[in-house]
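Peer 1: Here's a sequence, model it:
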Amino acid sequence: AADKGGKKAVEQSYLPPEASGWSGCGVSVQAGLVNADADFGAPINIGVNGQSAGVGAYCDRLWDRFLLGIFTDYSWFLGDLHSGVVGADNSITAGGRAGFLLNSSVLAYGLVEWIRGDFGSNHVNGVKVGGGLEARLLNAPVFLAVEYQKATYSNVMGSTADVNADEVMVRLRYKFAIGQ
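Peer 2: As a prediction, this is how the structure comes out:
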């Protein structure tokens with residue numbers, strides 16, 4: 001810290017102006033690969049693979065290098081997840097994320113979500129946890145994220161079955177800057 005008139009100036013962390021585009025609300029599209037494990041109790045345990053595709057809306061707020069956000073997503077399940085033993089049709093989620101800017105264009109974050117999955121005529125609540133990396137593309141309001149999520153559902157299809165799913169997702173976001 002430099003001495004200015006007998007007072008020491010306090011150094012502050014500084015992010016370049018282009019980092020300011022992280023605050024705002026927006027829309028997203030996403031696609032993922034899912035590996036689900038349906039546990040019907042010993043000795044019946046069935047694994048299926050499939051895909052997901054979806055849309056979402058979100059709002060983020062950046063303070064210095066720390067970001068907090070809320071979001072909601074709607075996803076459709078494809079492949080064996082939809083037509084197989086698990087019979088998942090779609091899901092809706094609501095959640096939050098917290099992250100740290102590694103530099104002005106890359107964010108590392110963790111997330112937690114409530115999820116409601118539709119399994120045929122049954123609706124099942126669950127929870128997702130995960131994390132990811134998100135990059136701002138070309139200093140534009142467009143962001144690309146790669147995420148890992150772990151979903152857990154209990155008592156699927158009105159039984160004692162539990163479903164655990166691992167998902168790797170790619171998400172493209174468009175953000176409308178607010179107050180920038």
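Peer 1: Grab the longest strand from the chain for me.
Peer 2: Longest strand in the chain by number of residues (criterion: DSSP state E): strand 45-63.
Peer 1: List the buried residues for that strand?
Peer 2: By neighbour count with 16 or more other Cβ atoms under 10 Å, strand 45-63 contains the buried residues Val48, Gly50, Gln51, Ser52, Gly54, Gly56, Tyr58, Asp60, Leu62. From N, CA and C alone the C-beta is placed, and that goes for glycine too.
Peer 1: Same check on stretch 138-148?
Peer 2: In stretch 138-148, counting by 16+ other Cβ under 10 Å, buried: Phe143, Ala145, Glu147.
Peer 1: same check, this time on stretch 90-103
Peer 2: Asn90, Ser91, Ile92, Thr93, Gly95, Arg97, Gly99, Leu101.
Peer 1: same for the helix or strand where the third one lies, what does it pack against?
Peer 2: What that stands for is Ile92. Assigned by DSSP states H and E, Ile92 belongs to strand 88-103. Helices and strands touching strand 88-103, as assessed by 3 or more Cβ pairs under 8 Å, 6 or more residues apart in numbering; DSSP states H and E, comprise strand 45-63, strand 66-79, helix 80-83, strand 106-119, strand 122-136.
Peer 1: May I see those arranged in a markdown table, with mean pLDDT and distance to Asn164 as well?
Peer 2: As requested, these are exported to a markdown table (pLDDT from 0 to 100; distance: least, Cβ to Cβ, whole Å):
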| stretch | mean pLDDT | distance to Asn164 |
| --- | --- | --- |
| strand 45-63 | 89 | 10 |
| strand 66-79 | 92 | 15 |
| helix 80-83 | 59 | 13 |
| strand 106-119 | 92 | 12 |
| strand 122-136 | 91 | 9 |
